[in-house]
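Q: coordinates only, sequence not included:
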């Protein structure tokens, strides 16, 4: 069975931190591929600044040179609010030959018990938790069905966020070396995130 990492997010825009996290998870969990899944409507966040097609296009541009990375539009095609459990169920139905690993950061790992139908989700995937240096992992406080289903891996320190990138763009500042050049060019050509 192909070992496939799943990385969900608004990717608004995708940046080098996302790519570094995906590569760290790929190595740590010995994944054959990592699929980037742009969220359609995030359940616990504000609506993205760029529309779904623009965010998907930026993901495709960002990962174009990595043979093990792929863009997956499952949540955009399905529409509505994007819940991980629904996405994983659909992917398992379409790809029964794969075992799936959902990639999260420590902050999301600590919040897993609050995720929609989490026990059902935990039965369908393993979690790869990327832990930043100095971040506390509270895995021991999680229920056993989660604790025993988490592979923890170190995340190289990188201080980049999509929010900070959007702020820099609104202020007319450079985002060079924070996003791949192809993404930066796409943002500029399409006037995304301007004030």
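A: Everything's here; your move. Because the structure is predicted, anything quoted here is derived from the model rather than measured.
Q: any low-confidence regions in the protein?
A: Along the chain, segments meeting pLDDT under 70 span 134-137.
Q: Would you map the strands across it?
A: 2-9, 33-38, 69-71, 98-105, 125-132, 150-155 (DSSP state E).
Q: So what's the gap between stretch 49-57 and the chain middle?
A: 14 Å (C-alpha atoms, centre = their mean, to the nearest Å).
Q: Ok, stretch 14-29 next?
A: In terms of C-alpha atoms, centre = their mean, the centre of stretch 14-29 is set 9 Å apart from its chain centre.
Q: Burial-wise, tell me which of the strands of the chain comes out on top.
A: strand 33-38 (a mean of 25; mean count of other C-beta atoms under 10 Å). Just so you know, the C-beta spots here come from the backbone N, C-alpha and C atoms, and that holds for glycine as well.
Q: Give the pairing partners of that strand; include direction for each.
A: strand 2-9 (parallel), strand 69-71 (parallel) (DSSP bridges).
Q: Format the ones you listed as a markdown table; extra columns: distance to residue 102.
A: Supplementary listing: those in a markdown table, determined by distance: least, C-beta to C-beta, whole Å:
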| stretch | distance to residue 102 |
| --- | --- |
| strand 2-9 | 5 |
| strand 69-71 | 15 |
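Q: Mind checking those for the one nearest to residue 172?
A: strand 2-9 (25.6 Å; C-beta to C-beta).
Q: how many degrees apart are the closest one and strand 98-105 in direction?
A: 40 degrees (axes from the mean of the first three to the mean of the last three C-alpha atoms, to 10 degrees).
Q: Contacts for strand 2-9 next, please.
A: For strand 2-9, the surrounding residues in contact (C-beta atoms under 8 Å, 6 or more residues apart in numbering) are 18, 21-22, 25-26, 29-39, 72, 75, 82, 84, 87-88, 91, 95, 97-103, 125, 128.
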